[in-house]
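1. Could you work out the structure for the sequence below:
(chains A, B, C and D)
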Protein chains: 4
Amino acid sequence: MPRITTPEAEALLDQELTVLDHGFVRLVDYMGGDSSIVQAARVSYGPGTKTVREDRNLINYLMRHRHTTPFEMVELKFHVKLPIFVARQWIRHRTANVNEQSLRYSVMPDEFYVPAPESINFQSRSNRQGRSPEAVPEDVRARVLEILKGATEASYPQYQELLEAGIARELARISLPVSAYTEWYWKIDLYNLFHFLSLRCDPHAQYEIRQYAEAVGRCTQAVAPFAYAAFVEYQLEAASLSKHERLIVAKLIHGTPAAWSDFAYFGEPVEFGEDGVSKILQSRRRELADKIGVSIPVESEALAT
Amino acid sequence: MPRITTPEAEALLDQELTVLDHGFVRLVDYMGGDSSIVQAARVSYGPGTKTVREDRNLINYLMRHRHTTPFEMVELKFHVKLPIFVARQWIRHRTANVNEQSLRYSVMPDEFYVPAPESINFQSRSNRQGRSPEAVPEDVRARVLEILKGATEASYPQYQELLEAGIARELARISLPVSAYTEWYWKIDLYNLFHFLSLRCDPHAQYEIRQYAEAVGRCTQAVAPFAYAAFVEYQLEAASLSKHERLIVAKLIHGTPAAWSDFAYFGEPVEFGEDGVSKILQSRRRELADKIGVSIPVESEALAT
Amino acid sequence: MPRITTPEAEALLDQELTVLDHGFVRLVDYMGGDSSIVQAARVSYGPGTKTVREDRNLINYLMRHRHTTPFEMVELKFHVKLPIFVARQWIRHRTANVNEQSLRYSVMPDEFYVPAPESINFQSRSNRQGRSPEAVPEDVRARVLEILKGATEASYPQYQELLEAGIARELARISLPVSAYTEWYWKIDLYNLFHFLSLRCDPHAQYEIRQYAEAVGRCTQAVAPFAYAAFVEYQLEAASLSKHERLIVAKLIHGTPAAWSDFAYFGEPVEFGEDGVSKILQSRRRELADKIGVSIPVESEALAT
Amino acid sequence: MPRITTPEAEALLDQELTVLDHGFVRLVDYMGGDSSIVQAARVSYGPGTKTVREDRNLINYLMRHRHTTPFEMVELKFHVKLPIFVARQWIRHRTANVNEQSLRYSVMPDEFYVPAPESINFQSRSNRQGRSPEAVPEDVRARVLEILKGATEASYPQYQELLEAGIARELARISLPVSAYTEWYWKIDLYNLFHFLSLRCDPHAQYEIRQYAEAVGRCTQAVAPFAYAAFVEYQLEAASLSKHERLIVAKLIHGTPAAWSDFAYFGEPVEFGEDGVSKILQSRRRELADKIGVSIPVESEALAT
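-> Numbers count the residues shown, from 1 in each chain, chains lettered A, B, ... in the order given. Modelled structure (predicted):
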């Protein structure tokens, strides 16, 4: 049997997909694809019919019913160049194999991440971990860039001075900033890769790692297009309704508006503001509306206190 | 700081919760509880307010937003006695520590699982892996029990004969049936335990392992009651809507009935029966109805072919 | 860059290597080889010279110094048919991906492991988990075979009867013996594969799983011959000397015989027999002699009590 | 059964063991100890005798024979404050649970690692990843400290300026150096902890992480003193002899000097210098001598070319 390949993946192999200012994602190798998922599933569930359409349906079935092990039968390997602070988020995905450049052995080149002006944002007010969409005035941006560039421009000559003085590399590197670029080989199976993508393509992920996740996603789609489509349908763009949210949705489908109290589960603090509605309940309602993409009618907009 | 305990968990410690005919689940030890989840989260997200209600809300927040690592800070250890065929399903959960009785070292006692008469079921017709709810006639049941009991009653004396002849234990055991009981210590963190429970308390899990999962769940709830409640709300009794299902639900909330074509994604085979409706589309509709707990109206019950 | 392959591995691809009476190991796919280990190491340790001899030396260096992550960059996938009792030992290696045939979905064929007459052995007297090399008399063997064959010959028709009666497959299979054959796809990286081989090619592993480990080892050697040779040199046929054993070896190299007390560490029970020498100390001495392959001289053969 | 504790571990609980200039290791919680290893082993290998001395022997037996799963039944949890560059080495141990402070959520305090003057070393000449024991002249040290302190003293006010300007925390932190301190909760089982210690207490590990490993080791010894002693004997201070080294040691014990060719395995490049001896062979001989702690006699000091 010839090795399983796709023309799309073969075309991407060894291409550096540029990410941020000096980074890249490069698909180095891959093992298997849609048909190896099907092949593995047939061992578990017995032989079956063999058309492409049936393969696609089987892949959808597996994804829909959380039969995840067949997806583990596909493996992808990437070469990535990325800032250290991105690497620190990425490495939290433990079910992967990693070989990172070691600054104990080798000398770092003079490359640091400096954000593009349009990626400089204020702290979000609504989200403790995110960036605000609000525009940052020209002069503030300029000052930010001055600081970030200045820090790295000062840092590298000092690193070099320490190396030239013969100081141990493992020590000389300790004042390098986390915007410095590092490189690694990263190898992971498709199931765990989907988990990585579902967390790192999410709007709550930091902008910089999202750029990498998108490049990784592009390679993934090339390697296993049906599985990727199933991932988008059943994970990436799916929405999880909590038990209470299910009850609210059922009401709404029956044409009954929700009551504020439907949102108040778990004894969460329901302290009512001037308008007679709790901020927490409003936030729960907004979350559900965002998930489904409709506004959620509530019986009476203001809850009598 | 004194060790984190709950009275409920302390009361359960070392109790054998009976499962099936000869099995049990016994909570042997645990480390941490709801407050260690909060403690770990505070390291990540900074210190916060300190009431019990706020702890509970933080736990809900973590679960809702898939911040899973704080749940890994709680560890539970169980002693379980279970049939081999259940052990074979259970062991597929790899992120756990296991010490199983070895029949290379020790001699198996004469205990085999024989289902209670009411747990003897026909193969499901709608589900390739399940049991039918349909009642099994008395005489069929009796014959099934005769076979199952007979097999184990024949098996044990032969095993003993081999051992008495001095045959290596590792060889003598090979004709023992998978209904034989084994024992193990099983240790797992709370995050991975929730994953185990979400798969093994599911109605699609085999009846026998579900009985174990329920006993394990009872212990888990005793150790970390707020986290367990959040798990039930956001995982166990939650429903995942695929991208297309979200669109259908949005329509329904707006009072617009769904069209059959809304269910036909991914180029799935839409072959229409005599009634002008595809079986696949009907099945997709039923799935969505089951998730939400309402019937799903469709524009025209029969799709014009 | 073309895919990394070896002619030896390509020749093995999709061949069923027969194991035991009905089993096999089949190399289904592989990703990478010796040169991908080198490629990954160069990212960590910087670029280097490029001859084949230097590649081999780098691989040896990595293995000798426990730089294990480059070996994780190679992945192998196998299709294996094996008795359930072997599968139960095998599955304990958690860092692998597995898709096993499910008897909830599919019907088991009528194949059971029956040992070859020469593989029927008595329980070892010196080793609680092993088989004795002592020959088993013809008539005992015949009786063992009668029992083992009889058990499986009785079992399969009963299984079929239950299936024909319409009983759920997941229930009908519970009286099948652990000698029944199952199948799976098994995928693992080279580092964890070496760990598997070091435990399962060991003489203490059960005879049956050792046959599988040897077939897996043959495929591994074909995929990454230099790495496999390094594994044999530095792991499989290496010997670990404990702290005390190192001291004893140092003495012996200096021409000083060991004293019995050199073997008595950790306050182990040193109870002397009639000959004035403790069994425990003799066993420690024999272990060291076995590791190095020489007899270990002791100052005075009998220790004055 | 009361919880398994040791007075030594109870005394350490919640104590901050100071590491480096601002760091610490704090044992937060632990589950089990020596007796839970024994308890789990008894499930696998059957019940046994019950004295403390026998428990100790069983633990030694398990360690000696690589029966590792019982050690996984003990769990320890630490709170650690450590520089980012140490955290990056530490996190490579994947089989652990981690909750790290997030600089997307919280603001970093003004604390950076600056090495003590005596920890400033030149790059090792013999070892590509280490520090030289050679003394660094006073003035060089002073300049190194000036650079390292200067970098962090400049960095923090800039970080603060960015935060005060309202820039997103996740962006403001990117020019902080890897000498900045972070904190995490880290939870791991005893088997994987021993693996961590064996790599990170090793003289080849970077000085800074070794300080942490020693503090972690001190806590580990308090929790499971017998297991820790077995770890020291059979892992930390053990030596692994390669296949060829075993043959050389056997020769030496028989009083036969080794030949240079005994060291030349694997077709390694044996290029002879002026003195007629290959550097590689000399290095292999030195390695073996270091392992055993004796000088290794070779038949003729200079090999005829």
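
2. Pull up the distance across stretch A:175-185, start to finish.
-> Using CA to CA, to the nearest Å, one end of stretch A:175-185 lies 25 Å from the other.

3. do it and chain D meet?
-> Yes. Stretch A:175-185 comes into contact with chain D (CB under 8 Å from any CB of the partner chain), by way of A:175, A:176, A:177, A:178, A:179. C-beta coordinates here come from the backbone N, C-alpha and C atoms, glycine included.

4. confidence score at the first one?
-> Reported pLDDT at residue A:175 in the predicted model: 91.

5. Give me the nearest residue to it, chain neighbours excluded.
-> Excluding the flanking residues, the one nearest residue A:175 by CB to CB, 6 or more residues apart in numbering or on different chains is residue D:151, at 3.7 Å.

6. okay, now the one you found: neighbour count?
-> When neighbours are defined as other CB atoms under 10 Å in any protein chain shown, residue D:151 has 22 of them.

7. cool, residue A:217 as well?
-> For residue A:217, the count of nearby residues is 22 (other CB under 10 Å).

8. Which element, helix or strand, includes it?
-> Under the criterion of DSSP states H and E, residue A:217 resides in helix A:207-223.

9. And the contacts of that helix?
-> Helix A:207-223 has contacts (CB atoms under 8 Å, 6 or more residues apart in numbering or on different chains) with A:6, A:8-9, A:11-12, A:17, A:19-20, A:23-25, A:27, A:30, A:33, A:74, A:76, A:78, A:80, A:82-83, A:85-86, A:89-90, A:113, A:115, A:119, A:121, A:131, A:190, A:193-194, A:196-197, A:200-202, A:205, A:228.

10. Isn't the residue nearest to residue A:175 up against residue A:155?
-> Yes. With contact defined as CB atoms under 8 Å, residue D:151 reaches residue A:155; the gap is 6.4 Å.

11. Need the residues touching each of the two.
-> Residues touching both residue D:151 and residue A:155 by CB under 8 Å, 6+ apart: A:175, D:177.

12. So the residue of the stretch 101-250 of chain A found nearest chain C, which state does it fall into?
-> Across the stretch 101-250 of chain A, no residue is closer to chain C than residue A:106, which sits at 3.7 Å (CB to the nearest CB). Look at residue A:106: counting by DSSP: H, G, I helix; E, B strand; the rest coil, its state is coil.

13. Run through who's touching stretch A:98-108.
-> Stretch A:98-108 is contacted from outside by A:87, A:91, A:159, A:163, A:169-170, A:173, A:176, A:180-187, C:40-41, C:43-46, C:69-70, C:72-73, D:92, D:128-130, D:206, using CB under 8 Å, 6+ apart.

14. hmm, try it at 7 Å
-> Outside of stretch A:98-108, the residues within contact range by CB atoms under 7 Å, 6 or more residues apart in numbering or on different chains are A:91, A:163, A:169-170, A:173, A:176, A:180, A:182-186, C:40, C:43-46, C:69-70, C:73, D:128-129, D:206.

15. quick one, the longest helix along chain A and helix D:138-164 angle?
-> The longest helix of chain A (DSSP state H) is helix A:138-164. Relative orientation of helix A:138-164 versus helix D:138-164 (axes from the mean of the first three to the mean of the last three CA atoms, to 10 degrees): 160 degrees.

16. Could you point out the helix or strand that follows helix A:138-164?
-> Counting by DSSP H and E, what follows helix A:138-164 is helix A:169-172.

17. got the residue ranges for the strands in chain A?
-> Ranges of strands in chain A, per DSSP state E, are A:16-19, A:23-31, A:75-83, A:97-100, A:181-189, A:239-241.

18. Share the number of residues neighbouring residue A:214, please.
-> For residue A:214, using other CB under 10 Å, the count is 15.

19. Tell me the spacing between it and residue C:13.
-> Distance, residue A:214 to residue C:13, using CB to CB, to the nearest Å: 35 Å.

20. what does residue A:32 give?
-> Where residue C:13 is concerned, residue A:32 sits at a distance of 13 Å (CB to CB).

21. Give the residue spans of the stretch 151-300 of chain A that score low on pLDDT.
-> A:266-276, A:300 (pLDDT under 70).

22. Show me what from it comes close to chain C.
-> For the stretch 151-300 of chain A, the contact set with chain C under CB under 7 Å from any CB of the partner chain comprises A:183, A:184, A:185, A:187, A:189.

23. Find the residue at the geometric middle of chain A.
-> residue A:200 (0.9 Å; CA atoms, centre = their mean).

24. picking up where we left off before, just the buried ones among the residues of the stretch 151-300 of chain A next to chain C, please.
-> Of the members of those, the ones counted as buried by neighbours, 16 or more other CB atoms under 10 Å in any protein chain shown, are A:183, A:184, A:185, A:187, A:189.

25. Find me the pLDDT at the nearest residue to residue A:181 once chain neighbours are set aside, would you?
-> Using CB to CB, 6+ apart and skipping residues adjacent in sequence, the residue nearest residue A:181 is residue A:111, 4.5 Å away. pLDDT recorded at residue A:111 is 95.

26. Does residue A:111 touch residue A:182 like I think?
-> No. The criterion here is CB atoms under 7 Å, and residue A:111 misses it with residue A:182 at 9.7 Å.
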